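Trainee: Sequence and predicted structure below; questions after.
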Amino acid sequence: MKFANYYYIGGLDMKYERILVAVDGSPVAERAAVFAADMAESLGAVMDLLYISCFPESTNEPLDEVSWLPDSVMRSTMREAEEAFSHVRGLLPESALRYEHERSGVPAEEIIAFAKEKG
């Protein structure tokens with residue numbers, strides 16, 4: 001699927017320079033990234049891949065005591081992000097210009113904050 005360099009939305013001509021895609025390792029996020037890569041390439045835009053963990057990086061620290069949380073929750077946030085990015089990397093063309101970002105917090109809030117920061 002190819003896209004025009006500009007979109008006409010509500011009387012405004014808009015050029016897309018950045019496309020934000022939240023990734024979490026799911027098939028839906030992977031399909032969204034593939035679609036966004038095609039769109040970004042057609043528009044000459046950069047793609048920002050964003051992974052958000054609900055837990056801060058402090059969960060990467062070894063615990064002195066056995067955690068009451070299951071291993072699936074206490075997994076390394078860095079490892080979770082790398083797995084999500086790795087899956088997407090394998091699906092995207094090498095020519096796709098992209099940046100990978102990691103954050104922690106409430107996903108919806110972090111996505112909005114990131115979009116506002118990047119403009």
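Mentor: Here it is on my side, so go on.
Trainee: Please, where are all the strands along the protein?
Mentor: Applying DSSP state E to the chain gives strands spanning 6-9, 12-15, 18-22, 46-53, 98-104.
Trainee: most packed of those?
Mentor: For the strands of the chain, average neighbour numbers computed from mean count of other CB atoms under 10 Å are highest in strand 46-53, which has a mean of 22. (Each C-beta comes from the backbone N, C-alpha and C, glycine too.)
Trainee: Turn the strands of the chain into a markdown table, including mean pLDDT and distance to Glu110.
Mentor: Formatted as a markdown table, these follow (pLDDT from 0 to 100; distance: least, CB to CB, whole Å):
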| stretch | mean pLDDT | distance to Glu110 |
| --- | --- | --- |
| strand 6-9 | 50 | 25 |
| strand 12-15 | 61 | 24 |
| strand 18-22 | 95 | 9 |
| strand 46-53 | 94 | 5 |
| strand 98-104 | 93 | 5 |
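Trainee: measure Phe114 to Glu41 for me?
Mentor: Phe114 sits 22 Å away from Glu41, going by CB to CB, to the nearest Å.
Trainee: about what we covered before: looking at the strands of the chain, which is nearest to Gly119?
Mentor: Nearest to Gly119, of all the strands of the chain, is strand 18-22, at 7.9 Å by CB to CB.
Trainee: for this protein, which helix is longest?
Mentor: helix 27-43 (DSSP state H).
Trainee: who does it touch, helix- and strand-wise?
Mentor: Helix 27-43 sits against strand 18-22, strand 46-53, helix 77-89, with contacts defined as 3 or more CB pairs under 8 Å, 6 or more residues apart in numbering; DSSP states H and E.
Trainee: residue ranges with poor pLDDT in the chain?
Mentor: Low-confidence segments of the chain (pLDDT under 70): 1-14, 56-77.
Trainee: Not counting its own residues, what contacts stretch 18-36?
Mentor: 1, 39-40, 43, 45-52, 80, 83-85, 87-88, 91-92, 107, 111, 114-115, 118-119 (CB atoms under 8 Å, 6 or more residues apart in numbering).
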